[in-house]
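Q: any chance you can model this:
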Amino acid sequence: MKKLLGTKSFYKGVFAIMAPILLQNVITNFVSLLDNIMAGHVGTETMSCVAIANKLFFVFNLCIFGGLSGVGIFTAQYAGKGDEEGIRNTVRIKYFVAIGAIVAFSLVFLFGGSLLISSFLHEGNEGLDLAITFEHSMSYLHLMMIQMLPFAIGQVYASTLREYGEPMMPMKASIIAMLINLVGNYILIFGKFGAPELGVEGAAIATVIARFVECIILIVYTHRKKERFSFVSGLLKTLRVPAALFKDVAKKGFPLLLNEVLWSAGMAMLNQCYSVRGLEVVSATNISSTIFNLFSCVTLAAGTTISIIIGQHLGAGRLKQAVEDDNKIIFLSILIAIVIGGLLAILATTLANIYNTTETVRALAVKFILINAMYMPFQAFTNGCYFTLRSGGQTIITFLFDSVCTWVCYIPIAFVLAHFTSMTILPIFLIVNGIELVKCTVGIFMLRSKKWVVNLVAKE
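A: Numbers count the residues shown, from 1 in each chain. Here you go, the predicted structure:
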């Protein structure tokens, strides 16, 4: 137990990094919750269309996250080493990743968006209008495509600042953007203060405006603070990157990018399997996932903290300290998840009742929330394993741990149960989420192997 508990100064250092990231995630997900509630007040079909379109953008967001995180492995270790030129080169690679993702997903959404959205639309027991849901989903999708550019470029700067040890400004920029998004939603969805009542399209426009504001804040702040962030000097004079570094980043980062794309696509596919049981299931899973995401912010923040602290330890050659601190942060994450999971279970019914939807949808949402709350500590552990392995460049293993497990275990089981049995949605949801217990067992062996304890930049 002593090996899992840190000193006061240790926790002070952890929370100095974790707190701004956690606050940013909480605010982001809280605003998403309010957005969800406002969209739901327009109608259940409207809430469903936003949920469907956002599942597609979730894949794009995770592609950006995965691609930048793969490069960020090197950024964090260069920061630990104090190599400004190394940081500069990794930022340039991040630009390539961001632009490539924007082009690829724009083509997919333009030419395949209608097919993707249609795959989620199935008749249920509530008599919800599928045609209206499809129409609003397409309109929302096309407007939201505009925000992909500022989101991707903004994340290039936000991720770099965090890896550099500056998490406060990404947090502040996110808070400002989310407030703009929230106010914009209220004005444009419901037509307040003389603005037109645009419904779901208003929600998309507000998000686009907020993304541009966030991106501009991050770019201006970073380039004005050259004395603090010296890597920006000469950053945009050239986009050339040393071939050896590009090769190393591609070798370590591409599996992580592929992992995030396949994992997020797997989550979308999983929800598509659930949607076979009716459009009300889409609405219920949307409510439960939005609420669960708010409560699981702490485990995600702990994961990001692991990638920063452990990455810097490894880059500086502090290998033993990396192992010790990793165990302590993961243990802390599990303890917090137990408390948060219990709180989520207690508040499940109250939170679901906030939504203006049918009783059937609310009842399903409550049961989904309770299942998520039960598995939260296990998800905290697997999340910690993922970020630990990633910080040491073990991206092939994280790929097997995350995406392969999703496509080999989660999706086939969900697909078979949804399409070839008469089982109702609740036992399907419970069984599929139970696979997390298997991942925990695998994660224990991966951590104990210590293959992730690697200094990737030592040779330079």
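
Q: can you pull the contacts of the nearest residue to Arg240 once chain neighbours are set aside?
A: Leaving aside its chain neighbours, Arg240 sits nearest to Arg92 (7.6 Å; criterion: Cβ to Cβ, 6 or more residues apart in numbering). Yep, even glycine has a C-beta here, placed from its N, CA and C like the rest. By Cβ atoms under 8 Å, 6 or more residues apart in numbering, Arg92 lies in contact with Leu235, Thr238, Leu239, Arg240, Val241.

Q: which SSE is the second one in?
A: Here Thr238, judged by DSSP states H and E, is contained in no helix and no strand.

Q: which SS class is the residue lying closest to it once chain neighbours are set aside?
A: Nearest in space to Thr238, with sequence neighbours left out and distances taken as Cβ to Cβ, 6+ apart, is Arg92 at 7.9 Å. Following DSSP: H, G, I helix; E, B strand; the rest coil, Arg92 is assigned to helix.

Q: what about this structure, any weak spots by pLDDT?
A: Low-confidence segments of the chain, defined by pLDDT under 70: 1-2, 6, 31-32, 40-45, 123-129, 457-460.

Q: and the residue positioned nearest the centre of it, what element?
A: By Cα atoms, centre = their mean, the chain has its centre lying nearest to Leu62, at 5.9 Å. Assessed by DSSP H and E, Leu62 sits inside helix 44-81.

Q: any idea how far the residue nearest to Thr238 lies from Val432?
A: Arg92 is 41 Å from Val432, where distance means Cβ to Cβ, to the nearest Å.

Q: equivalent analysis for Leu110, please.
A: 32 Å.

Q: what about these two, which has more around it?
A: Using other Cβ atoms under 10 Å, the more surrounded residue of Leu110 and Val432 is Val432, with 20 against 12.

Q: contacting residues for that one?
A: Leu270, Tyr410, Ile413, Ala414, Leu417.

Q: distance of it from Ala414?
A: In terms of Cβ to Cβ, Val432 sits 5 Å off from Ala414.

Q: doesn't Gly184 make contact with Leu34?
A: No. Counting by Cβ atoms under 8 Å, Leu34 stays clear of Gly184, with 11.8 Å between them.

Q: tell me which of those two has more neighbours.
A: Gly184 (20 against 17).

Q: now name the helix or strand holding that one.
A: Assigned by DSSP H and E, Gly184 falls within helix 168-190.

Q: helices of the stretch 251-400 of the chain, start to end?
A: Secondary structure of the stretch 251-400 of the chain, counting by DSSP state H, counting those that start in this stretch: helices at 279-295, 297-315, 319-352, 359-391, 395-399.

Q: which helices and strands does the third one pack with?
A: For helix 319-352, the packing partners by 3 or more Cβ pairs under 8 Å, 6 or more residues apart in numbering; DSSP states H and E come out as helix 8-42, helix 279-295, helix 297-315, helix 359-391, helix 436-449.

Q: buried sites along it?
A: 322-334, 336-337, 340-341, 344-345, 348, 351-352 (16 or more other Cβ atoms under 10 Å).

Q: ditto for stretch 423-434
A: Residues of stretch 423-434 classed as buried: Ile425, Ile428, Phe429, Val432, Asn433 (neighbour count, 16+ other Cβ under 10 Å).

Q: so which residue of this protein lies furthest out from the middle?
A: In the chain, counting by Cα atoms, centre = their mean, Gly194 sits farthest out from the average C-alpha position, at 35.3 Å.

Q: for Leu258, what are its contacts?
A: If you count contacts by Cβ under 8 Å, 6+ apart, Leu258 has them with Gly66, Phe399, Ser403.

Q: kindly apply the preceding question to Leu426 instead.
A: Applying Cβ under 8 Å, 6+ apart, one finds that Leu426 lies in contact with Leu364, Lys367, Ile371.

Q: show me just the buried residues among these.
A: Neighbour-count burial within the contacts of Leu426 applies to Leu364, Lys367, Ile371; the criterion is 16+ other Cβ under 10 Å.

Q: what's near enough to touch the second one?
A: When you say that, I think you mean Lys367. Leu426, Phe429.

Q: check the gap between Gly315 and Ala284 for me.
A: 44 Å.

Q: give me the more crowded residue out of the two.
A: The neighbour comparison of Gly315 against Ala284 (other Cβ under 10 Å) goes to Ala284, with 31 against 26.

Q: re earlier: chain center to the helix holding Leu62, what's the gap?
A: Distance of helix 44-81 from its chain centroid, counting by Cα atoms, centre = their mean, to the nearest Å, is 5 Å.

Q: ditto for stretch 356-376
A: Worked out by Cα atoms, centre = their mean, stretch 356-376 lies 21 Å from the chain centre.

Q: ok, now stretch 299-312?
A: Centroid displacement of stretch 299-312 relative to its chain, using Cα atoms, centre = their mean, is 14 Å.

Q: just stretch 424-433 next, same as before
A: With Cα atoms, centre = their mean, you get 23 Å for stretch 424-433.

Q: ok so, going back, let me have the helices of the stretch 251-400 of the chain in CSV, adding distance to Asn259 as columns.
A: Formatted as CSV, those follow (distance: least, Cβ to Cβ, whole Å):
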stretch, distance to Asn259
helix 279-295, 20
helix 297-315, 14
helix 319-352, 20
helix 359-391, 9
helix 395-399, 4
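
Q: Ala204 is nearest to which of these?
A: Among the helices of the stretch 251-400 of the chain, the nearest to Ala204 by Cβ to Cβ is helix 279-295 (16.2 Å).

Q: next, the angle helix 44-81 makes with that closest one.
A: Orientation check (axes from the mean of the first three to the mean of the last three Cα atoms, to 10 degrees): helix 279-295 against helix 44-81 gives 30 degrees.

Q: just checking, what packs against helix 279-295?
A: Helices and strands touching helix 279-295, by 3+ Cβ pairs under 8 Å, 6+ apart, are helix 8-42, helix 44-81, helix 243-275, helix 319-352, helix 359-391.

Q: pull out the buried residues from it.
A: So for helix 279-295, counting by 16+ other Cβ under 10 Å, buried means 279-295.

Q: surely Leu62 meets Trp263?
A: Yes. Assessed by Cβ under 8 Å, Leu62 is found in contact with Trp263 at 6.7 Å.

Q: stretch 26-40: how far from the chain's middle?
A: Counting by Cα atoms, centre = their mean, stretch 26-40 is centred 15 Å from the centre of its parent chain.

Q: got the CA positions of it in PDB?
A: Taking Å, rounded to 0.1, in the frame of the first residue of the first chain, the C-alpha atoms of stretch 26-40 are listed here in PDB:
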ATOM      1  CA  VAL A  26     -15.800  19.300 -16.600                       C
ATOM      2  CA  ILE A  27     -16.700  22.600 -18.200                       C
ATOM      3  CA  THR A  28     -16.700  21.200 -21.700                       C
ATOM      4  CA  ASN A  29     -18.900  18.200 -20.700                       C
ATOM      5  CA  PHE A  30     -21.200  20.300 -18.600                       C
ATOM      6  CA  VAL A  31     -21.800  22.600 -21.500                       C
ATOM      7  CA  SER A  32     -22.400  19.600 -23.700                       C
ATOM      8  CA  LEU A  33     -24.900  18.400 -21.100                       C
ATOM      9  CA  LEU A  34     -26.700  21.800 -21.300                       C
ATOM     10  CA  ASP A  35     -26.500  21.800 -25.100                       C
ATOM     11  CA  ASN A  36     -28.100  18.300 -25.000                       C
ATOM     12  CA  ILE A  37     -30.900  19.500 -22.700                       C
ATOM     13  CA  MET A  38     -31.600  22.500 -24.900                       C
ATOM     14  CA  ALA A  39     -31.700  20.400 -28.000                       C
ATOM     15  CA  GLY A  40     -34.000  17.900 -26.200                       C
END
